[in-house]
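Enquirer: Let me see the structure of the following:
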Amino acid sequence: MPGQDAETADVAAVTPLPEMPKGLLKRGRGLWDSKAEVLAGHPIGLIALAEACRAADRCERLDAQLRGREKEWLSIDLDPIIRDHLDGDGVTIVDVTAKVVMNAPLREARQQQTVLKQLLAQVDTFERAAVDAGAGRASSQPATPGVPSIMDKIRARNA
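Expert: This is a model prediction of the structure:
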C-alpha cells in the first residue's frame, strides 16, 4: 500500500484485512474502515465492531426520523368507529376519532446510543489488546531513533 513503511507492511502481511459486513451505511462503513485493520486478528473484536457499525447506522436512521427527513415518525390512524348522530334539524353529524400513533423513535434512539456506547467500549478494549499483542510480534522500538514505530502511531491515534 502507498505510504506504508517496512514495519507497517510486515504487520499488515501477518493478518489479512477482514471483509466489511454487508449492508453498512456511510457511518457504519466509516467506523469499520477506521478500526478493522487493527482488529484483523481478533474475531470477537471484529464481531463487536460489526455490531457497533450496525448500531451507528441505526442511530443515523433514527436521527433522520427525528429530524423529519423520514415520514415514518408520525402516522395518523382514523378510528374505525364512526358514530352517526342526528341533530334537531335532521342533519347527520359524523364523529370521527383520530388516534395519533408515535413509533417511539426518540426512546429507540436513546437505547441505540447506549448500545453503541457499550459496543464502542468493547471495541476499544479489543483494539488495545490487539495493539498490545501486536507489539510483541512487531518491533515496538523505532528503527530510527526519534521516529515512532507503527505501534506507537496506532496507540497515539487511538489515545
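Enquirer: Beyond the longest helix that the chain contains, next helix or strand please.
Expert: Ranked by number of residues, the top helix in the chain under DSSP state H is helix 105-137. Per DSSP states H and E, helix 105-137 leads on to helix 150-158 as the next helix or strand towards the C-terminus.
Enquirer: so that following helix versus helix 105-137, what angle?
Expert: Here helix 150-158 runs at an angle of 160 degrees relative to helix 105-137 (axes from the mean of the first three to the mean of the last three C-alpha atoms, to 10 degrees).
Enquirer: residues making contact with stretch 118-133?
Expert: Contact with stretch 118-133 is made by 35, 38-42, 44-45, 48-49, 51-52, 55, 151, 154-155, 158, as judged by C-beta atoms under 8 Å, 6 or more residues apart in numbering. All C-beta atoms are positioned from the backbone trio N, CA, C, and that covers glycine.
Enquirer: If you could redo that for stretch 51-67, that was the one I meant.
Expert: By C-beta under 8 Å, 6+ apart, stretch 51-67 touches 21, 24-29, 31-32, 70, 72-73, 103, 105-106, 108-109, 112-113, 115-116, 119-120, 122-123.
Enquirer: Tell me how far Val123 lies from Ile154.
Expert: Using C-beta to C-beta, to the nearest Å, one obtains 14 Å as the distance from Val123 to Ile154.
Enquirer: ugh, wrong one, I meant Ala55
Expert: For Ala55, the distance to Ile154 - C-beta to C-beta - is 24 Å.
Enquirer: same check, this time on Ala121
Expert: In terms of C-beta to C-beta, Ala121 sits 18 Å off from Ile154.
Enquirer: out of these two, which sits in the more crowded spot?
Expert: The residue with more neighbours, out of Ala121 and Ile154, is Ile154; 21 against 12, by other C-beta atoms under 10 Å.
Enquirer: Please consider this matter closed, and thank you.
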